[in-house]
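**Student:** Okay, predicted coordinates and the sequence, questions at the end:
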Amino acid sequence: MTNLHDFRKDYKRDTLSRDDMSDNPIAQFELWMKDAITSEAVAEPNAMTLVTSTPDGKPSARVVLLKSFNEEGFVFYTNYESRKAIELTDNPYASIVFDWHVMERQVRIEGVAKRVSEEESDKYFYSRPKGSQLGAWVSPQSTFIDGRKELEARQTKIESEFKEKPITRPPHWGGFVVEPHTIEFWQGRQSRLHDRMIYIKTGDEWMLRRLAP
């Protein structure tokens with residue numbers, strides 16, 4: 001069996017103090033996202049682990065792409081008939097993790113998910129490449145299929161259907177926004193004494209506290 005006990009890295013890249021932090025966690029997230037993008041070291045800065053769970057608490061996690069964020073929350077798009085969408089419909093509590101490990105940083109977000117407006121889903125859908133638009137029609141996401149040939153046959157059929165007309169957004173496809181109630185910023189430090197700063201929302205205000213590592 002592979003021995004993982006001795007895999008260790010001492011984090012020395014940066015520090016994080018209260019003086020470093022914005023009073024607004026969305027502004028702070030934007031700063032860190034820009035750092036991740038401009039570093040050119042993070043392959044997909046907007047890739048995030050999204051955790052959902054069933055009403056009785058059975059969790060599932062997957063990596064999706066953040067497509068926008070603002071004071072309302074963090075937006076991603078999916079098939080509304082997928083496992084994650086069904087779980088969010090039945091239990092809207094969700095958690096997000098951005099792991100920018102090469103920068104020795106993480107951001108953890110917890111909140112409540114809801115669907116974005118039809119207009120917002122339309123706007124994003126029609127900005128996508130044609131192949132991605134067709135893919136939203138082709139894939140019965142999270143369902144069992146017999147093989148790759150089934151997908152290819154569905155793709156041929158969908159391409160034929162939209163050959164002479166614009167590709168419309170499927171009614172089963174659109175966005176979710178995760179409205180945060182906590183946002184934690186993690187900066188790796190030496191000897192596992194990491195810096196952890198957490199924003200907690202109370203009403204319309206954000207409180208910032210330090211967490212022990």
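**Tutor:** Right, received. Where do you want to start? All of these numbers come straight from a predicted model, not from anything done at the bench.
**Student:** Please count neighbours and contacts with C-alpha atoms only from this point.
**Tutor:** Fine.
**Student:** which residue packs closest to the one residue sitting closest to the centre of the chain, ignoring adjacent ones?
**Tutor:** Central residue of the chain (CA atoms, centre = their mean): M48, 3.8 Å from the mean position. Nearest residue to M48, sequence neighbours excluded (CA to CA, 6 or more residues apart in numbering): F98, at 4.8 Å.
**Student:** What pairs with whichever strand or helix holds the one you found, parallel or antiparallel?
**Tutor:** Using DSSP states H and E, the element containing F98 is strand 93-100. Sheet partners assigned to strand 93-100 using DSSP bridges are listed as strand 47-53 (antiparallel), strand 105-115 (antiparallel).
**Student:** I'd like those laid out as CSV, including mean pLDDT.
**Tutor:** Shown next, in CSV, are the strands paired with strand 93-100 (pLDDT from 0 to 100):
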stretch, mean pLDDT
strand 47-53, 98
strand 105-115, 98
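**Student:** Can you check which of the ones you listed gets nearest to T89?
**Tutor:** With CA to CA as the criterion, T89 lies closest to strand 105-115 of these, at 7.9 Å.
**Student:** Return the list of helices and strands in contact with the least confident helix or strand in the chain by mean pLDDT.
**Tutor:** Sorting the helices and strands of the chain by mean pLDDT, DSSP states H and E puts helix 148-161 at the bottom, at a mean of 93. Judged by 3 or more CA pairs under 8 Å, 6 or more residues apart in numbering; DSSP states H and E, helix 148-161 is in contact with helix 130-138.
**Student:** mean confidence for the helix it packs on?
**Tutor:** Helix 130-138 carries an average pLDDT of 95.
**Student:** Now do the strands in the chain.
**Tutor:** In the chain, the strands defined using DSSP state E lie at 47-53, 59-65, 68-70, 73-79, 93-100, 105-115, 173-187, 195-202, 205-211.
**Student:** Using CSV, please lay out these together with distance to T38.
**Tutor:** What follows is the strands of the chain, written out as CSV (distance: least, CA to CA, whole Å):
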stretch, distance to T38
strand 47-53, 15
strand 59-65, 18
strand 68-70, 17
strand 73-79, 20
strand 93-100, 13
strand 105-115, 15
strand 173-187, 18
strand 195-202, 22
strand 205-211, 26
